[in-house]
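Q: sequence and predicted structure are below.
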Amino acid sequence: MIWLAWRLQRAQTWALLGLAVVVVVAALVLRGVTLSQVDPSCLVGNINYSMPCTRQWGSLGAVMTYFQLLLVAMPFAIGLFCGAPLFARELEQGTHVLAFTQSVSRTRWMLVKAAVAVVPALLSVLAMQVALSYWFRAAGSLGPYRYGPWSEFNFPTSHLAPAAFTLAGLATGMLIGAIARKTLLAMVITVGLFLGVWFAALGTRELYVSTERVTYSAYGGGDYPRIMGAQPIDSGYVNADGATVSHLEASALTADCSGADRTQEDYTACYRDNGLVASYLDYLPAAKAKTAHLIEAALLLALAAACVAGTARTLRRVA
Amino acid sequence: MTTVVQVEDLGKRYRRTQALSGCAFELPEGSVTALVGPNGAGKSTLLSLIAGLALPTSGRVRVYGAQVLGRTPPQVSLLAQGRPMVRGLTVAETMRMGAALNPHWSQRRADEVLDLLSPVDRDKKVGELSAGTRTQVALAFCLGRLPRLVLLDEPLADLDPLARDEALRVLMTDVAERGTTAIISSHLLTDLNDVCDHLLLLDKGRVQLCGEIDDVLADHSVLTGPADSEVDAHVVSASHTERQTTMLARGPATAPAGWLRADADLETLVKGYLRASRDKR
């Protein structure tokens, strides 16, 4: 039965595996290019924007972003081209009757087809993720990882995120296909729905873990804290009672603090006189990204499981 | 004689449409039943329910005594309307598909069917086959499962007379050799007349007639007489010309003076019921 499921979806599978091979080879080649083109001293320590480094770096940053975008788009593509047609095509062409009137149960047939779609999809995405990560790590402080694990492209392309999004994309497409029974319609709905899932994940992952707070002088100036890999969430001022004051409220309170010849000490004293004793920054530390990944992956897996159960239920009712 | 199919008060509703209601009949082992009725009578729905492809809204279907519950019984094989097959698979791959989905698959039986008429090229894709050859492949797929009950939904549609004859020969060989029970839905009465021994006539989702064809025919007669005169009989349908009236009558009917009585044949009988159905609409 595995042979049959493979035979029925081998075109998509070959395309997927072919794309993965191309990306892996490209990542390895570009890693070599990065290391040979850019002086090693540019890739270590703090971000080096010196002229020789930026000239050597050239457009590598943009190329890395394209590859990251490709990895971000993979779960969409898998949901679109592998998930949505998995059952929609059979139901549309009426060939489901062939499978549904044989000795194997519909649920078993569905699980085998889903498994045969999932395995190459996961392998492709994981291979791409590993190869790109190998390349990006070599790019050191000039590579995309300088933005930290919470950045909008680093988060969905690292840890469990690509695999979890792939499973959710495939399962969502599968369910929509079984319900819609029209391949094209299922593909359109899958993309729309999965975009919703993606943006919901983007908007909520900061809520999975608690923020940490750092305070610094009321008039920030050069004191603004730089925390490696942190994701700023909120900032403002703290008054003498320890309560937070928003930037808008603070600007009204400190309207008289401006002046051409004022020093930072003057500003700090003026802020203090107006009740603002410190600035604060709430942020998500880099170390907590792993916890957020685990929670997000668990939620996406739960979505995938619900979609698989929904597909089984839908197919049981198909005549 | 063993009852193969037992249908009790069977009903099926699709949203606003009542496709079948109150259907009840039994079919014995080894029978070959012609399932006939006008378009939309519920023939395909009935076959789907017997095959376990669809779930009934009311009543039940039993095959060899076991209730059919949303799964095709191991003894049953369905050749669905339009002979759905994966067009991108070769004939050999289609047979391998049958083997993959059925633990008791007989490749020998499938090969026998594929070679019975002009041998089918196993390496050709199903989508490239002629309608007749595709039917042969569909029948091989159907019979390779070694069913004891074959359900054929419009298997002869789109086939030329020679291909129709050949498809029926394949089927009847199986019936003769293995004692297979068959239900064949078709509008082609002349073809069915030669191979079927039972008749199941559906109209508006209800069973109008069910029984051995000989008994059913014996219970009907064709009366021909002058126009504008009446007879004392249960008239199923009547057609009129300026001078003459022809009636299909059910039950005992004696021809009054001036009338001719003839035995009904299958085609006349079915057409009479179809006409009556159309006139009621």
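A: Yep, it's here.
Q: got a list of what B:Gly82 touches?
A: Applying C-beta atoms under 8 Å, 6 or more residues apart in numbering or on different chains to B:Gly82 gives the contacts A:94, B:154. All C-beta atoms are positioned from the backbone trio N, CA, C, and that covers glycine.
Q: for chain A, name the helix or strand with the lowest mean pLDDT.
A: The helix or strand of chain A with the poorest confidence is helix A:51-57; it has a mean of 74 (mean pLDDT, DSSP states H and E).
Q: need the distance between the two termini of stretch B:99-117.
A: 22 Å (C-alpha to C-alpha, to the nearest Å).
Q: excluding chain neighbours, give the residue nearest to B:Cys23 in space.
A: Of all residues not flanking B:Cys23 in the chain, B:Leu10 sits nearest, at 4.1 Å (C-beta to C-beta, 6 or more residues apart in numbering or on different chains).
Q: before we move on, back to that, show me what the next helix or strand after the least confident helix or strand of chain A is packed against.
A: Using DSSP states H and E, the helix or strand that follows helix A:51-57 in sequence is helix A:60-78. Applying 3 or more C-beta pairs under 8 Å, 6 or more residues apart in numbering or on different chains; DSSP states H and E, one finds that helix A:60-78 contacts helix A:10-37, helix A:106-138, helix A:161-180, helix A:183-204.
Q: for chain B, find the nearest of those helices.
A: Ranking the helices and strands packed on helix A:60-78 by proximity to chain B (C-beta to the nearest C-beta) places helix A:106-138 first, at 7.7 Å.
Q: for B:Lys204, what are its contacts?
A: B:Lys204 makes contact with B:41-42, B:277, according to C-beta under 8 Å, 6+ apart.
Q: doesn't A:Phe153 belong to a strand?
A: No. Counting by DSSP: H, G, I helix; E, B strand; the rest coil, A:Phe153 is located in no strand; its state is coil.
Q: CA atoms of the least confident helix or strand of chain A as CSV?
A: The C-alpha trace of helix A:51-57 is given here as CSV (Å, rounded to 0.1, in the frame of the first residue of the first chain):
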residue,chain,number,x,y,z
MET,A,51,34.2,49.4,4.6
PRO,A,52,36.3,46.3,3.7
CYS,A,53,33.8,44.0,5.5
THR,A,54,30.7,45.5,3.8
ARG,A,55,32.3,45.4,0.4
GLN,A,56,33.3,41.8,0.8
TRP,A,57,29.9,41.0,2.2
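Q: circling back to that earlier point, in JSON lines, list the contacts of B:Lys204 along with secondary structure and neighbour count.
A: Converted to JSON lines, the contacts of B:Lys204 look like this (DSSP: H, G, I helix; E, B strand; the rest coil; neighbours: other C-beta atoms under 10 Å in any protein chain shown):
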{"residue": "B:Ala41", "secondary structure": "coil", "neighbour count": "23"}
{"residue": "B:Gly42", "secondary structure": "coil", "neighbour count": "27"}
{"residue": "B:Ser277", "secondary structure": "helix", "neighbour count": "19"}
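Q: among the residues you listed, which one has the lowest pLDDT?
A: Ranked by pLDDT, the contacts of B:Lys204 bottom out at B:Ser277 (77).
Q: just give the nearest non-adjacent residue to that one, would you?
A: B:Ser277 sits nearest to B:Asp203 (C-beta to C-beta, 6+ apart), 4.6 Å away.
Q: what's the spacing between the one you found and B:Gly22?
A: Distance of B:Asp203 to B:Gly22, computed by C-beta to C-beta, to the nearest Å: 12 Å.
Q: neighbour-wise, which of the two wins?
A: B:Asp203 (20 against 13; other C-beta atoms under 10 Å in any protein chain shown).
Q: beta partners for the more buried one?
A: B:Arg206 (DSSP bridges).
Q: that one contacts B:Leu35, correct?
A: No. The criterion here is C-beta atoms under 8 Å, and B:Asp203 misses it with B:Leu35 at 11.9 Å.
Q: remind me which residues of chain B are low pLDDT?
A: Counting by pLDDT under 70, chain B has low-confidence residues at B:253, B:280-281.
Q: what do you get for the stretch 101-250 of chain A?
A: In the stretch 101-250 of chain A, residues with pLDDT under 70: A:220-224.
Q: correct me if wrong: B:Ala262 contacts B:Leu217.
A: No. B:Ala262 lies out of contact with B:Leu217 (C-beta under 8 Å); the separation is 11.2 Å.
Q: tell me the residues of the stretch 1-150 of chain B that contact chain A?
A: The stretch 1-150 of chain B comes close to chain A at residues B:48, B:51-55, B:70-72, B:74, B:76-78, B:80, B:82, B:84-86, B:89, B:93, B:96-98, B:100-104, B:141, B:145, as judged by C-beta under 8 Å from any C-beta of the partner chain.
Q: and if we set it to 7 Å?
A: Residues of the stretch 1-150 of chain B lying near chain A by C-beta under 7 Å from any C-beta of the partner chain: B:48, B:51, B:53-54, B:70-72, B:74, B:78, B:80, B:82, B:84-86, B:93, B:97, B:100-103.
Q: residues near the residue nearest to B:Arg243 when sequence neighbours are not counted, how many?
A: Using C-beta to C-beta, 6+ apart and skipping the chain neighbours, the partner closest in space to B:Arg243 is B:Ala227 (5.7 Å). Each residue near B:Ala227 was counted by other C-beta under 10 Å, and the total is 10.
Q: please report the distance of B:Ala227 from B:Gly258.
A: 11 Å.
Q: not counting sequence-adjacent ones, nearest residue to A:Val23?
A: Once flanking residues are discounted, A:Val23 sits nearest to A:Met128: 4.7 Å by C-beta to C-beta, 6+ apart.
Q: actually B:Leu89, not the one I typed
A: Nearest residue to B:Leu89, sequence neighbours excluded (C-beta to C-beta, 6+ apart): B:Val126, at 5.7 Å.
Q: surely the one you found meets B:Ala138?
A: No. Judged on C-beta atoms under 7 Å, B:Val126 makes no contact with B:Ala138 at a distance of 8.9 Å.
Q: compare neighbour counts for these two and give me the winner.
A: Between B:Val126 and B:Ala138, counted using other C-beta under 10 Å, B:Ala138 has the larger neighbour count: 24 against 20.
Q: so the more buried one: helix, strand or coil?
A: When classified by three-state DSSP, B:Ala138 comes out as helix.
Q: got the contact list for it?
A: B:Ala138 sits next to B:79, B:83, B:85 when contact means C-beta atoms under 7 Å, 6 or more residues apart in numbering or on different chains.
Q: most neighbours among those, which one?
A: Busiest of the contacts of B:Ala138 [other C-beta under 10 Å] is B:Leu79, holding 27 neighbours.
Q: ok, what's across the strand from that one?
A: Beta-bridge partners for B:Leu79, by DSSP bridges, are B:Leu152.
Q: just to revisit the earlier point, give me phi/psi at the residue nearest to B:Cys23?
A: phi -80, psi 130 (degrees, to the nearest 10).
Q: likewise for the one 10 residues further on?
A: For B:Leu20, the backbone dihedrals (degrees, to the nearest 10) come out as phi -140, psi 150.
Q: that one contacts B:Tyr14, correct?
A: No. B:Leu20 sits out of contact with B:Tyr14 when judged by C-beta under 7 Å, with a separation of 9.9 Å.
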